[in-house]
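# Structure for the following, please:
(chains A and B)
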Number of protein chains: 2
Amino acid sequence: MTRGILITGGAGYVGSHTVAALIEWRAEQDYEIVVVDNLSNAHRENGQKKPEPLRIIEEMTDKTIQFYDVDIGDRDGLSKIFEKHSIDCVIHFAALKAVGESVQKPLEYYQVNITGTCTLFEVMRKYGVYKLVYSSSCTVYGEPERLPIDEGHPTGRGLTSPYGRSKYFCEEIMKDLCTSDQKWMIVSLRYFNPVGAHSSGRIGEDPAGTPNNLMPYISQVAVGRLDELLVFGDDYPTADGTGVRDYVHVADLAQGHLHAVRLLADPTYKGFQAINLGTGTGYSVLQMISAFEAASGRKIPYRIVGRRAGDIAANYADVSLAQKLLGWRATRTLDDMCRDTWRWQSINPNGFKKS
Amino acid sequence: MTRGILITGGAGYVGSHTVAALIEWRAEQDYEIVVVDNLSNAHRENGQKKPEPLRIIEEMTDKTIQFYDVDIGDRDGLSKIFEKHSIDCVIHFAALKAVGESVQKPLEYYQVNITGTCTLFEVMRKYGVYKLVYSSSCTVYGEPERLPIDEGHPTGRGLTSPYGRSKYFCEEIMKDLCTSDQKWMIVSLRYFNPVGAHSSGRIGEDPAGTPNNLMPYISQVAVGRLDELLVFGDDYPTADGTGVRDYVHVADLAQGHLHAVRLLADPTYKGFQAINLGTGTGYSVLQMISAFEAASGRKIPYRIVGRRAGDIAANYADVSLAQKLLGWRATRTLDDMCRDTWRWQSINPNGFKKS
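Coordinates of the predicted model:
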């Protein structure tokens, strides 16, 4: 039986780009790509078996993706997948991820992000699968005590949302798992701010409702879906007063996951390791607007409003550990991020929905 | 329909003493006592419907306890209880609690202590029940930065076991719950070191296997079930070099829960509040041995061995908040704790098991 990589949440934003990268990864063509996704945040066209991102990737690559419409909290459903496929490694994206919504619905976030994750781990253990790449977030660092943020920065302090706490709790649970049983091999990738889209312009970020994140907000203003961009605060202690973040191209992130899978193929790898994925460079909101205007040729109307609760001034990664352990660094520039986002958004003004 | 108080884990050590106290509490005889317990850590005699502690309490009080052998992770099972009884308030004890075991079995601990708790909260919300007394622990403080420990002491830092983390995570989840919906009214009682037994000598602590905690260890040595007491470290920076803890009589703890239930009956109460339950006085291991020898008239052979990983030097509570908010303070002395433990242990050398 061909070895398989299971990608939970593989129909989502970072998940689908990682699936695309896995398929394009020549050296690993002997891996079967198995995706599990409950479609809570992914679009499936009427009459289609597979969610749009996966259908499009299959069309582009002429490869087959094994897809299961299963919730990670569904122990029996997950077990059937492990019985049917010879899973070697799991890349675990499946989670709820809207920071603001998590404040309104904490129980839902904890049940999906923690209980679901623990259930996945139980099923992995039952089938002797101990290699895991976890989708974490720079949110676990809370308000930075120092910049750039390296992996030794304290985590779990001053977290402002159940979303952030759920990511932090999962990391702590994974550390305990590795302490309890040496068989576990876990890489937790702490993403900074994923942006951009596949270079084909056919898959990209398609948030439900009004975007929480800057880049999809800008691009929806550029394409005319939204009237203007709200800039939350211009009185931060940054060069131009607006918030600074470490934006990283989703295609670079996807590559980071391939490198993590490769790292786990090393039999001497042991235990839990957290690794930042970012560019190491921070850009302000106003810099992002300028760059996007240049890439799209569109004017982005914006309005400065008050700070948003829970936002921090500046945040960017020390990316030396990723270079050292994964041999990975982000290669795509801010212009690449804007150009690819714009290509995706202008071709697909309504995201994956056909109408 | 008579209003009910649901006690999860009500067949356990602190749970059963609280059930006894609730029944003895004259003012609240109009409350129906409903216990849910999966008996994972409680003894039921062959042929009996109810676990021993509850059967004995019924016998002593001539009152009926509604008992359900249901796991708190069983959503449907819990729902049926809320449908059948008009639950007004939940006292949530049900959890796995062995610190050492939690290091070996982190997933089990997180699934029971976090997932189970979240599932209970979901069911409570579904049935419009928002009053909760939670069974927390001084473990959430980690290594004390100052003594005595007040409730403003940081939590979640330097925790050394999945057990401790699970209690800390649950507190954070409950805070998020209260932020998300003003209807929630939650008191989290942070126990210091519960010891002692019911004054009848008929219910008490009955740990499975070799006890992790000092008092049951001492009493099992006293009664001859164990040969000698191991004292883990005599080189701590304390008066006699052995670890210092804030031992509190389980009957005092039980009273603390009644006061918390009373606090939640105040309609102006809002949100989440953590409250220490301890005596405010710390005793060393050697002091405990002496006191137990005096109370039991038995010699306790002991041997000093190395420190146990994860143990701290000293720990005792600032108990002023409990006095202020609950009008509660511990009234039972160290001699009471030893005498009552010894009464229970000497009458029941094998705990609740008949043989």
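# alpha carbons only for contacts and neighbour counts from here, please
OK.
# What residues does the closest residue to chain B within the stretch 151-300 of chain A make contact with?
Closest to chain B within the stretch 151-300 of chain A is A:Ser180: 4.9 Å, counting by Cα to the nearest Cα. Neighbour list for A:Ser180: B:Val103, B:Gln104, B:Lys105, B:Pro106 [criterion: Cα atoms under 8 Å, 6 or more residues apart in numbering or on different chains].
# which of these has the most neighbours?
B:Pro106 (26 neighbours; other Cα atoms under 10 Å in any protein chain shown).
# Quick check: phi and psi on that one?
phi -60, psi -40 (degrees, to the nearest 10).
# Could you do A:Leu286 as well?
phi -70, psi -40.
# Compute the number of surrounding residues for it.
Around A:Leu286 there are 17 residues (other Cα under 10 Å).
# Find the helix or strand that the residue nearest to it when sequence neighbours are not counted is a member of.
Closest residue in space to A:Leu286, ignoring its immediate chain neighbours: A:Thr242 at 6.8 Å, by Cα to Cα, 6 or more residues apart in numbering or on different chains. Using DSSP states H and E, A:Thr242 sits in no helix or strand.
# give the contact list for A:Ile347.
A:Gly201, A:Arg202.
# Pull out the buried positions in the helix or strand A:Leu54 falls within.
Element membership for A:Leu54, per DSSP H and E: helix A:52-61. Across helix A:52-61, burial judged by 16 or more other Cα atoms under 10 Å in any protein chain shown covers A:Glu52, A:Pro53, A:Leu54, A:Arg55, A:Ile56, A:Ile57, A:Glu58.
# Distance of the second one relative to A:Pro207?
Here the distance between A:Pro53 and A:Pro207 works out to 13 Å (Cα to Cα, to the nearest Å).
# Show residues contacting stretch A:282-290.
Contact with stretch A:282-290 is made by A:214, A:218, A:231, A:238, A:240, A:242-247, A:300, A:314-316, as judged by Cα under 8 Å, 6+ apart.
# Which of these are buried, as a PyMOL select command?
Burial among the contacts of stretch A:282-290 is assessed by 16+ other Cα under 10 Å; the matching PyMOL selection reads:
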select buried, chain A and resi 214+218+231+242+243+244+245+246+247+300+314+315+316
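# Among the contacts of stretch A:282-290, which ones are in strands?
Mapping the contacts of stretch A:282-290 onto strands (DSSP state E) picks out A:Val231, A:Val244, A:Arg245, A:Tyr247.
# For these, please prepare JSON lines with the additional fields pLDDT and distance to A:Ala42.
Listed next are the ones in strands among the contacts of stretch A:282-290 as JSON lines, based on pLDDT from 0 to 100; distance: Cα to Cα, whole Å:
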{"residue": "A:Val231", "pLDDT": "97", "distance to A:Ala42": "27"}
{"residue": "A:Val244", "pLDDT": "98", "distance to A:Ala42": "29"}
{"residue": "A:Arg245", "pLDDT": "98", "distance to A:Ala42": "26"}
{"residue": "A:Tyr247", "pLDDT": "98", "distance to A:Ala42": "23"}
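# What is the nearest of these to B:Ser135?
Among the ones in strands among the contacts of stretch A:282-290, A:Arg245 lies closest to B:Ser135 (Cα to Cα), at 40.3 Å.
# got the contact list for the closest one?
A:Arg245 makes contact with A:Phe192, A:Asn193, A:Thr281, A:Gly282, A:Tyr283, A:Ser284, A:Ala314, A:Asn315, A:Tyr316, according to Cα under 8 Å, 6+ apart.
# ok, now with 7 Å
Residues in contact with A:Arg245, defined by Cα atoms under 7 Å, 6 or more residues apart in numbering or on different chains, are A:Asn193, A:Gly282, A:Tyr283, A:Ser284, A:Ala314, A:Asn315, A:Tyr316.
# The stretch 201-350 of chain A against chain B: which residues are in contact?
Counting by Cα under 7 Å from any Cα of the partner chain, no position of the stretch 201-350 of chain A is adjacent to chain B.
# how much space between the residue of the stretch 151-300 of chain A closest to chain B and B:Tyr163?
With distances taken as Cα to Cα, A:Ser180 is found 13 Å from B:Tyr163.
# A:Leu147 and chain B: what is the separation?
22 Å (Cα to the nearest Cα, to the nearest Å).
# what about that residue, how many neighbours?
A:Leu147 has 13 neighbouring residues, counting by other Cα under 10 Å.
# Can you classify it as helix, strand or coil?
coil (DSSP: H, G, I helix; E, B strand; the rest coil).
# wait, what's in contact with it?
A:Tyr316.
# how far away is it from B:Gln273?
35 Å.
# Run through the strands of the stretch 151-300 of chain A in chain order.
In the stretch 151-300 of chain A, the strands defined using DSSP state E, counting those that start in this stretch lie at A:185-191, A:193-195, A:229-232, A:244-245, A:247-249, A:271-277, A:283-284.
# Which stretch among these is buried most, on average?
strand A:247-249 (a mean of 27; mean count of other Cα atoms under 10 Å in any protein chain shown).
# Run through who's touching that one.
A:Phe192, A:Asn193, A:Pro194, A:Val195, A:Gly196, A:Gly278, A:Thr279, A:Arg332, A:Met337.
# Let's see that with 10 Å instead.
Strand A:247-249 is contacted by residues A:14, A:191-198, A:215, A:255, A:277-284, A:288, A:315-317, A:330-334, A:336-338, A:340-341 when judged by Cα atoms under 10 Å, 6 or more residues apart in numbering or on different chains.
# Partner strands of that strand and their direction?
If you go by DSSP bridges, strand A:247-249 pairs up with strand A:193-195 (parallel).
# chain center to the lowest-mean-pLDDT helix or strand in chain A: distance?
Counting by mean pLDDT, DSSP states H and E, the weakest-scoring helix or strand in chain A turns out to be helix A:99-104, with a mean of 93. Here helix A:99-104 is found 17 Å from its chain centre; the criterion is Cα atoms, centre = their mean, to the nearest Å.
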